[in-house]
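**Q** Predicted model and sequence follow; I will ask about them next.
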Number of protein chains: 2
Amino acid sequence: MSEPIAASTAASLRKGDLHGSLSDPVLDTMNFLNEITFRYPKAISFAPGRPYDGFFDTEEIFAHLRRYLDHLAAHGTSHEQIRATMFQYGPTAGRIRELIASSLREDENIDVPAESIVVTVGCQEAMLLVLRALVRGPDDVFLVSSPCYVGITGAARLLDIGVTGVEEREDGFRCADLELAIRTELARGRRPRAFYVVPDHSNPAGTTIPVKTRHDLLELAARHDILIVEDSPYRLVSPAPHLPTLKSLDRQRRVVHLGSFSKTAFPGARVGFAVADQLVTDDTGRTSTLADELAKIKSMVTVNTSPLSQAVIAGMLIACGGRVSELNTQAADYYANAMRATLRQLDRCFPAERRAAVGVRWNEPDGGFFLTMRVPFTAGNAALERSAENFGVIWTPMSYFYPHGGGDHSIRLSVSYLTQEEIVDGITRLAHFIDAEAKSPG
Amino acid sequence: MSEPIAASTAASLRKGDLHGSLSDPVLDTMNFLNEITFRYPKAISFAPGRPYDGFFDTEEIFAHLRRYLDHLAAHGTSHEQIRATMFQYGPTAGRIRELIASSLREDENIDVPAESIVVTVGCQEAMLLVLRALVRGPDDVFLVSSPCYVGITGAARLLDIGVTGVEEREDGFRCADLELAIRTELARGRRPRAFYVVPDHSNPAGTTIPVKTRHDLLELAARHDILIVEDSPYRLVSPAPHLPTLKSLDRQRRVVHLGSFSKTAFPGARVGFAVADQLVTDDTGRTSTLADELAKIKSMVTVNTSPLSQAVIAGMLIACGGRVSELNTQAADYYANAMRATLRQLDRCFPAERRAAVGVRWNEPDGGFFLTMRVPFTAGNAALERSAENFGVIWTPMSYFYPHGGGDHSIRLSVSYLTQEEIVDGITRLAHFIDAEAKSPG
């Protein structure tokens, strides 16, 4: 060990030597979107899927925390126990499972024991846990509705899991397409395990699955013995009436329901959860629940979800008696108005008689943050840059969301973070951009 | 889709069909330890590695949060920006990187730019990110000092990464053993990437690497072009003087330093970090840092660390001017007294002249939470149960911490969570148990 160390031995890594998930085309294009947003700060952006924060109030954080501490004290928790509850690690599966279970009963007609819930660091961690538990190896198939939220495909890539996309039609998901995908995988000798879907106001497409199709989907899952992984963060920030969740219709423990408080209550708390009441039996006949197994994995990912974050969410749940929907009445109106303003301005800019000629069409979601627009040109990064540079408007290429390619002529518009004035101005700019692209010889 | 669904189609999963990480022997034995603790609530337990919470104060959470908000306002952050800072998702790499970088300069003589830091959900997430980034496939070798903290081996299992253990001697880590392991892997055609080590008051063994060996280790890493992953959560809760961290000695960006506020400040905040200033170059010659790449992976695990948790930690850092060591002067004294009381009582129960006859010996850490004791019987789950049942004392079998087996005749004693009276009583009980085992014919 006496050789001198040359300066050239300073550590440097080649990207190709790192794990493949780091060089992902989706992450790279997402980075491009961030870069465009940074380079054109004055552009109106229909890209971010963030909740509007005008309804939040920083002082409320203190009030929610205090309310939870008072709640613990009122239920006989001693000063020392409260201190340990807040400061120590706490149980891996979470501290506020009873409150979440009660909220799901109140608000969503989902009746599950608290023990079937695992509290996670946002819904993203729940996705990672579910993927890890259900996919044992390369013969296991995890199906996703496509186009698809990048969180689930990203987590799959991290775990070296290849997902199988089930392409949505322009009017949304069809059971027949899922069944075909299942049969195709079975014919290849693979084992379909689960299907991930956002049934309400999906990200990115903005589609909603009708009630009849929800029943059919559950029946299909039972027939092929797969699980449904339901993720529905935009339901309760959408105007009522809400369609029933898949989990509320589930009589056979077919559905793993993923929950998030990031759109409805407090994005920065990073609190989500999984409802996983499925029974798991080992070789000796001993049973546990899928929630128990998810908690074991969680112990290797984040150990536990911050009791501080859980306490603030608990304070919010206590304040509204678990009725997160009521907590969001005003927000749901706000987003619905934003969506209506967007659709109204699209109508103005592209009257019905002009649409076919220009080659545009769009869906008309009655809730959620997103809508899809078909455009008459390749809507990739180059077009996005022209749009930002020359027309001052930013959107998300739909192709980002297709695990196997596709969506080259579609864009996603997010309406959640803009004022009505910005929406009218932004859609007008978008229309000018589309007209210019449609006329351009390229 | 018209076939009726029989009740027998209710979903049920076989454990063998789930991912292998769920059926891990370490997790199972850890569960056994929890079960024993639950079944013998009156036993004195030397098992939990939790910090003592007597120095925590629930009201301080409000004060720390307020201090950070005031700090933002004093630095010109508007009311609306503060609201967005607290409530929205925030940057994946973290919000309080400047404060952490400044604390590392103040306290640890580690001088790195804030951009080389990624704030994580506890140190556990940092381990997962580093493992994922550095290990591309089965030919990449991740070495760990053995016995080893279960967090790193657990995260590796989750990612289907097999770690290579470098067994510590009874007096601690030796560079020659690491070099032999590296050469063995190279001879097998594999590529050693990094070595994970807890240099100060390690969990589980309680060993500390001397300064000379730290320098040799850095030289060895340079010679074989591997990285050192340094994890040192017990340093600043140990009495001064502290040996220099590997990162503070690192002139070649060989060391990825993992940090945790869970032992020093606030376990329940779940805030840790990775310092990863290594350069990463892609095929086109474009460079990023390893921290940038870790943040990309983090976006698929937890999206970002709760700004609320970060705010409370920031408030603590501001209050102590970044000197986490000073914040922990009282706690370090407390733990040092606990360790001394433990060693004193071991001396009393097993005077020097009796030790060899009984077949016991132990190390004498001058800090940290843990010490290792060699015992004259197989210290597995059966012995643990006898110890709890008949003698009212609980400890951790050292075998839990060996990735490739070993440690069958050693136990880990944790001193962090007990009063002096409990320690004296508990060690006396332990001595009676050991005497009984030593005499038993089995």
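**A** Arrived safely. Numbers count the residues shown, from 1 in each chain, chains lettered A, B, ... in the order given.

**Q** rest of the way, CA atoms for contacts and neighbours
**A** OK.

**Q** any idea how far A:R348 lies from A:A356?
**A** Look at A:R348 and A:A356: by C-alpha to C-alpha, to the nearest Å, they are 15 Å apart.

**Q** Also A:C175?
**A** Counting by C-alpha to C-alpha, the gap from A:C175 to A:A356 is 29 Å.

**Q** Just name the shakiest helix or strand of chain A by mean pLDDT.
**A** Least confident helix or strand, chain A: helix A:25-39 with a mean of 78, by mean pLDDT, DSSP states H and E.

**Q** on contacts alone, who are the packing partners of that helix?
**A** For helix A:25-39, the elements it packs on are helix A:381-386, judged by 3 or more C-alpha pairs under 8 Å, 6 or more residues apart in numbering or on different chains; DSSP states H and E.

**Q** one more time with 10 Å
**A** Where contact means 3 or more C-alpha pairs under 10 Å, 6 or more residues apart in numbering or on different chains; DSSP states H and E, helix A:25-39 is packed against helix A:150-158, helix A:381-386, strand A:393-394, strand A:396-397, helix B:290-298.

**Q** and the first one, is it in reach of chain B?
**A** Yes: with C-alpha under 10 Å from any C-alpha of the partner chain as the threshold, helix A:150-158 lies in contact with chain B, specifically through A:150-158.

**Q** Partner strands of the next helix or strand after that helix, with direction?
**A** Tracing the chain past helix A:150-158, the next element assigned as helix or strand by DSSP states H and E is strand A:163-167. Strand pairing for strand A:163-167, using DSSP bridges, gives strand A:140-146 (parallel).

**Q** now the strand it pairs with and helix A:150-158, what's the angle there?
**A** Interaxial angle, strand A:140-146 versus helix A:150-158 (axes from the mean of the first three to the mean of the last three C-alpha atoms, to 10 degrees): 150 degrees.

**Q** Show the low-confidence segments of chain A, by residue range.
**A** Residue ranges of chain A with pLDDT under 70: A:1-9, A:23-27, A:441-442.

**Q** I would like the residues contacting the least confident helix or strand of chain A, please.
**A** Outside helix A:25-39, the residues that touch it by C-alpha atoms under 10 Å, 6 or more residues apart in numbering or on different chains are A:21-22, A:24, A:43-45, A:47-48, A:150, A:153-154, A:380-381, A:384-385, A:388-389, A:393-397, A:399-403, B:296-297, B:299.

**Q** for the helix or strand just after that helix, packing partners?
**A** For helix A:25-39, the succeeding helix or strand toward the C-terminus, using DSSP H and E, is strand A:44-45. Helices and strands touching strand A:44-45, by 3+ C-alpha pairs under 10 Å, 6+ apart, are strand A:393-394, helix A:420-439.

**Q** From the chain's centroid, how far away is strand A:44-45?
**A** Mean-position distance between strand A:44-45 and its chain equals 21 Å (C-alpha atoms, centre = their mean, to the nearest Å).

**Q** That strand: what's the following helix or strand?
**A** Downstream of strand A:44-45, the next assigned helix or strand under DSSP H and E is helix A:58-74.

**Q** starting at the chain centroid, how far to that following helix?
**A** 28 Å.

**Q** And chain B, is the helix or strand that it is followed by touching that?
**A** Using DSSP H and E, the helix or strand that follows helix A:58-74 in sequence is helix A:79-87. Yes: applying C-alpha under 10 Å from any C-alpha, one finds that helix A:79-87 is in contact with chain B at A:79-80, A:82-87.

**Q** what about burial for the residues you listed, which qualify?
**A** Buried subset of the residues of helix A:79-87 next to chain B (neighbour count, 16 or more other C-alpha atoms under 10 Å in any protein chain shown): A:82-87.

**Q** Just the closest of those to chain B, please.
**A** A:F87 (4.6 Å; C-alpha to the nearest C-alpha).

**Q** Could you find the closest non-adjacent residue to that closest one?
**A** Of all residues not flanking A:F87 in the chain, B:G268 sits nearest, at 4.6 Å (C-alpha to C-alpha, 6 or more residues apart in numbering or on different chains).

**Q** In a helix, the one you found, correct?
**A** Yes: assessed with DSSP: H, G, I helix; E, B strand; the rest coil, B:G268 lies in a helix.

**Q** tally of neighbours for A:E422?
**A** Using other C-alpha atoms under 10 Å in any protein chain shown, A:E422 has 17 other residues around it.

**Q** and the nearest residue to it once chain neighbours are set aside, how many neighbours?
**A** Sequence neighbours aside, A:I44 is the residue nearest to A:E422 in space, at 6.8 Å (criterion: C-alpha to C-alpha, 6+ apart). A:I44 has 22 neighbouring residues, counting by other C-alpha under 10 Å.

**Q** A:I44 and A:Q88, how far apart?
**A** According to C-alpha to C-alpha, A:I44 stands 44 Å off from A:Q88.

**Q** now A:E385
**A** A:E385 sits 48 Å away from A:Q88, going by C-alpha to C-alpha.

**Q** out of those two, which sits in the more crowded spot?
**A** Neighbour count, other C-alpha under 10 Å: between A:E385 and A:Q88, A:Q88 has more, with 23 against 20.

**Q** Just to check, that one is in contact with B:A269?
**A** Yes: at 8.6 Å, A:Q88 and B:A269 qualify as touching, with contact defined as C-alpha atoms under 10 Å.

**Q** Spit out the residues that contact the two alike.
**A** In contact with both A:Q88 and B:A269: A:306-307, B:262, using C-alpha under 10 Å, 6+ apart.

**Q** hey, where'd the helices end up in the stretch 151-300 of chain A?
**A** Here the stretch 151-300 of chain A has its helices, by DSSP state H, counting those that start in this stretch, at A:175-187, A:211-224, A:246-249, A:290-298.
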